[in-house]
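Participant: compute the structure for the input listed below.
(2 chains)
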2 protein chains.
Amino acid sequence: MSRVIRVALGQINPCLGDLRGNIKKIISYTKSAEQAGADIVAFPELAITGYPPEDLLLKQRFIEDNIAALAEVCCNTGDVIAVVGFVDRTEDIYNAAAVIHRGKIVHIYHKIFLPTYSVFDEDRYFKAGNLCPVFKAKDFSFGVNICEDIWYPEGPSYIQALAGAELIININASPFYYGKAEFRKKMLCTRAHDCSAAIAYVNIWGGQDELVFDGASMIVDAYGLTLNEAPRFQDHLLITDVDLDESYKKRLHDPRGRKRNAQNQERPLFIVDLDCKTGKTKHTLQPSKVCPDMVVEEEIYCALVTGTGDYIKKNRFKSVCLGLSGGVDSSLVAKIAVDAIGKDNVLGVFMPSQYTSIESRQDAYALAHNLGINIVEIPIMEIYDAYTGTLQPLFDKLKPDLTEENLQARIRGTLLMALSNKFGYLLLTTGNKSEMSVGYATLYGDMAGGFAVIKDVSKTMVYRICQWINRVEGRFVIPERVLTKAPTAELRENQKDSDSLPPYEELDMLIEAYIEQDRDVSEIGDIKIENIKRVISLIDRSEYKRRQSPPGVKITQRAFGRDRRYPITNGYNRD
Amino acid sequence: MSRVIRVALGQINPCLGDLRGNIKKIISYTKSAEQAGADIVAFPELAITGYPPEDLLLKQRFIEDNIAALAEVCCNTGDVIAVVGFVDRTEDIYNAAAVIHRGKIVHIYHKIFLPTYSVFDEDRYFKAGNLCPVFKAKDFSFGVNICEDIWYPEGPSYIQALAGAELIININASPFYYGKAEFRKKMLCTRAHDCSAAIAYVNIWGGQDELVFDGASMIVDAYGLTLNEAPRFQDHLLITDVDLDESYKKRLHDPRGRKRNAQNQERPLFIVDLDCKTGKTKHTLQPSKVCPDMVVEEEIYCALVTGTGDYIKKNRFKSVCLGLSGGVDSSLVAKIAVDAIGKDNVLGVFMPSQYTSIESRQDAYALAHNLGINIVEIPIMEIYDAYTGTLQPLFDKLKPDLTEENLQARIRGTLLMALSNKFGYLLLTTGNKSEMSVGYATLYGDMAGGFAVIKDVSKTMVYRICQWINRVEGRFVIPERVLTKAPTAELRENQKDSDSLPPYEELDMLIEAYIEQDRDVSEIGDIKIENIKRVISLIDRSEYKRRQSPPGVKITQRAFGRDRRYPITNGYNRD
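Facilitator: Numbering: from 1, shown residues only, chains lettered A, B, ... in the order given. Next up is the predicted model:
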């Protein structure tokens, strides 16, 4: 009597543009799904190309190649119904999902709601679809839609459900920021309940330039209860038996759907027939499971390791180097690098000057020891003297200022780049979001490098993550003193960050209010107005620096870069 | 009998975000228009805020301030009808044009077609309008719409014209690329003819980060003939008498409009009444004039001077410095800087190494002499020796390679930045598009600086512009030998650009095909396939460098940056 469908969700990590590599993963997971007795296997949004392809989408050849790659997937789906994200073309192009059955494309769904906000630019590339098909098989029906589509309560899921779909397959490339997974889960449960349909949500995982995807694929039943969850930030084929009679039962008990009429919807709907039914012979599944929630520090840390590791590996670097100052930022970045690509591939570089304290050296070496990475030492004094000597005729008797501090930072940047050039290391920069916000960083100095691992992590969060690491590992991986001493750039005698900046707790609160929430001076409470104005002015005036910073992992709801497109030349509130 | 309306177009250069400064310009031009007896004065798209405001549009306070600024304009329009671009808000925000008459806002038009391609992101910010009002005065009617709206043949201009508008006011913020003005003119003439209505096109001019606007405001009559044109790249109040009976006459002679029915259009149309009429007493106008077309070299040069000058001035720098190598790129950039901010505000810096030829020194000094700018000399050898000495224990017996070449470039970058830091110069970089495309440039070396003046100008165009300058000035401003000797980076003995790169003619042809036209290898003819593949691979692999380059003036149809959003991590066609 019961109609059980076995759904497999292929949570893969595509490499952007590597069509051959991506279909290899898709085909391999499809075979595993078939072997596991799945009726349907679904892959994420644009699984063939990776996400976001950006202006590769303006290349005709790229579109053709992606269609050829999909054709190859078609030949390898066996008996299972496969749902695969790709770029469709007719007289225009669409963000699309192919529904493949027995080697044939049964139908192609076109994404209806194209996000054009935050990091998204989909209206730049795609024409929007307007059909909401329902796939009708012998004894069950399902709908397919794509990512943003499910964020609209009146969207295709709803239309498909009212037209009879008991299962909605929603394929995604949904970028991570911390806290998002929790809300997404609530939304999916609500939608499933609203639709009286099970929802199978599949997402990519992995890093692509500044974006990280966390996977977190899941299946929710028609009551809005989580049936099964994939672990985050890893490859996973999530297989779940979904009893579609539960969707039917929900409709009997919760007849609110009857009050609505799918035919009244504006978007045309149509039915596609499939020649298959539930209930083939299957072996028993592992019991479904719900993954424990991650604490904020953990989810951010996983995102940083994933984003950094993928940037390194997908760009075919084998090893990285970074400056170790004995401070908290470089300590965290070193630890992330080690977890991303292994300790043998990480080189720490300690570059002392006359302002470097004994403690800084001890802490840098202690960290390197704790992580098991190599550390080399390159003093910068001789080079510094050569610069000041050469510049003496021009600088004459002018007294030292920021120029000389920046010089030290730039010597370090140049030395690190020399190591990168000579030995092929990717240079990681170690600046955090608090510094990047107010421009407390030197262009071509500490900002020099290929990847800015923690550029979207506030200083207070850097501390929290380090403390979390030490707690989880049960030892001081990050040396204790690194977490307790006052932060300093050590670019002049007795310098402290607090000489130039407000306390980091205050600064980070301001940054969150101004950057992430776009609040105005008058809407930020509890801080002296002069301090607020000074910080905002520093933030606005530092845009030119950020424009030249290397990419780094987005972990907040509003990262600098494509997520916050800000003019450099900006007369607003300047005086 | 004849109905003559005097139309004034305020071609202004707003500073982005400087609301007070912008309305000052608007009010001053409105007064001049009134004094000149104008019936209508129109200002460009988003004249109040400047264009594009980017994520400033996500700040509620910014929207409120712009509305308050518009209110101040309202109090200062006197008897003239003013059309002013601003951001409207209701329950959402719109790219809007206020029509102001006798101190009151008569109506607010909402832009219907929001561009979201190339450098545009308007769907990110605005809700689209859907009304096409016609303003009916005692004896004439006109329509107002915004920029992109006029690029659609079936768009609001057409609907407004069919509903009786004899004049269309189209307000713009239309970014420059070379060749665009010519096509825009054709399009406007065609639209006017199609609509049997005069079209008044007003555009901003000036630089905003990477964009330049060329003005080129103009009025076309209902027959598609140009009545009047503003000079490009400068402030101008273009005043023209338009005989609306000519629009009427055109409709009698060309009754094609009668075949169409505005009522059949999907977009709602409505009529707004205005209490004014044509034919007040007026003094005689200067005869209208049509500006001579600029040759390509001239329009690009004007764009470069405008974009560079505005970046410097709007960001409140007084002076610039740049490295002079004796080569063609730095020579052109120095000349642009001189024309942008005056010779006394430009410092040339000559930084010789052991590889610098006598000719390079002579040419750098000759150029400085020709331009009348100061030049200082800073040798880099001592600093270079300090670096190699310091790195010796690590580099040991490894032979010199790109590392040592980059070191020299980075020493120069660091020295220039030291001058910038110490004396407040904005550092201009001198790399051209050909180099930037294939990554023939050193990050934090010759790429270091605040503004990359010619980053969108190909090497062959750099030569053409220099030759044009010498021709126009009737003397060798750019020393003759600079234009004839083989290009070299002088980073090793007897180095020539041609050692590493194909001839620039070939390279630039490839770049145009691959970057601007997104052509595939197979679609680029007449060059050996290995050469094509090598160049494309260099272009793709250099994306990470471009991401860290300073902003520079967009002069082509496809500049790097927001105009070409390309992934760094990119497995497409990698092997």
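Participant: got the domain ranges for chain A?
Facilitator: By the assignment in automatic domain parsing, chain A contains the domains A:4-273, A:296-496+A:543-547.
Participant: how long is the shortest one from one end to the other?
Facilitator: Read it as domain A:296-496+A:543-547. 28 Å (C-alpha to C-alpha, to the nearest Å).
Participant: correct me, but A:Asp520 touches B:Gln60?
Facilitator: Yes. Counting by C-beta atoms under 8 Å, B:Gln60 is a contact partner of A:Asp520 at 7.1 Å. C-beta: built from backbone N, CA, C; applies to glycine.
Participant: more neighbours: which of these two?
Facilitator: Between A:Asp520 and B:Gln60, counting by other C-beta atoms under 10 Å in any protein chain shown, A:Asp520 is the more crowded of the two (18 against 14).
Participant: so the residue most central in space within chain A, which state does it fall into?
Facilitator: Of all residues in chain A, the one closest to the mean position by C-alpha atoms, centre = their mean is A:Val212, 1.7 Å from it. Following DSSP: H, G, I helix; E, B strand; the rest coil, A:Val212 is assigned to strand.
Participant: any idea how far it lies from chain B?
Facilitator: The spacing between A:Val212 and chain B, counted by C-beta to the nearest C-beta, to the nearest Å, is 12 Å.
Participant: what of A:Ser500?
Facilitator: A:Ser500 is 15 Å from chain B, by C-beta to the nearest C-beta.
Participant: tally of neighbours for that residue?
Facilitator: 11.
Participant: repeat that for A:Pro231.
Facilitator: 17.
Participant: what sits against it?
Facilitator: A:215, A:291 (C-beta atoms under 8 Å, 6 or more residues apart in numbering or on different chains).
Participant: near chain B, which residues of the stretch 151-300 of chain A? Just list them.
Facilitator: For the stretch 151-300 of chain A, the contact set with chain B under C-beta under 8 Å from any C-beta of the partner chain comprises A:207-209.
Participant: how about the residue in the stretch 51-200 of chain A that chain B sits nearest to, nearest residue that isn't a chain neighbour?
Facilitator: In the stretch 51-200 of chain A, the residue that lies nearest chain B is A:Arg61 (4.0 Å; C-beta to the nearest C-beta). Ranked by C-beta to C-beta, 6 or more residues apart in numbering or on different chains and with sequence neighbours excluded, the top spatial neighbour of A:Arg61 is B:Asp520, at 4.0 Å.
Participant: let me see the mean pLDDT of the longest helix anywhere in chain A.
Facilitator: Scanning chain A for the longest helix, with DSSP state H as the assignment, gives helix A:402-423. Per-region confidence: helix A:402-423 scores 98 on mean pLDDT.
Participant: that one close to chain B?
Facilitator: Yes. Applying C-beta under 8 Å from any C-beta, one finds helix A:402-423 touching chain B at A:402-403, A:406-407, A:410-411, A:413-415, A:417-419, A:421-422.
Participant: ranking the residues you listed by neighbours, who comes first?
Facilitator: Taking other C-beta under 10 Å as the neighbour criterion, A:Arg410 ranks highest of the residues of helix A:402-423 next to chain B with 30 neighbours.
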